[in-house]
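J.: Quick one, fold the following:
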Amino acid sequence: MAQESQMRKLIELAKQAGVESEAVSPVESALARALELSAKDGSIVLSAGSMFVTAEVMKAWNKITLTPNPSPKTGEGQEKK
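T.: Numbering: from 1, shown residues only. Have a look, this model is predicted:
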């Protein structure tokens, strides 16, 4: 409940400052939503918070952006002809 109260407080502060905002949880969903919104207008995504939040964002970012490369790298270990 404390987390929800903090999110509402942040949304209210953003509203008072004239900044559009929304709250999304968990972190992975929040990052996906932020990236979706930024893709529309080219804006940046900023994550701010504790080391724990940062670690969760990094984990979610890696899950979204890092895909294994199934094809072997060409030229490595092969003779040039």
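J.: ok, and what's touching the lowest-mean-pLDDT helix or strand in the chain?
T.: In the chain, no helix or strand scores lower on mean pLDDT, DSSP states H and E than helix 2-16, which sits at a mean of 88. The contact list for helix 2-16 (C-beta atoms under 8 Å, 6 or more residues apart in numbering) reads Glu20, Ser21, Glu22, Ala23, Ser25. To be clear about C-beta, it is placed using only N, CA and C from the backbone, and glycine gets the same treatment.
J.: Excluding residues flanking it in the chain, which one is nearest the second one?
T.: So that's Ser21. Among residues not flanking Ser21 along the chain, Ala14 sits closest, at 3.9 Å (C-beta to C-beta, 6 or more residues apart in numbering).
J.: which element is the residue nearest the centre of the chain on?
T.: Centroid-nearest residue in the chain, with C-alpha atoms, centre = their mean: Leu31, separated by 3.1 Å. Secondary structure from DSSP states H and E places Leu31 in helix 27-41.
J.: averaged over its residues, what pLDDT does the helix or strand following that helix have?
T.: Next along the chain after helix 27-41, taking DSSP H and E as the criterion, comes helix 51-65. Mean pLDDT, helix 51-65: 91.
J.: Alright, I will stop here.
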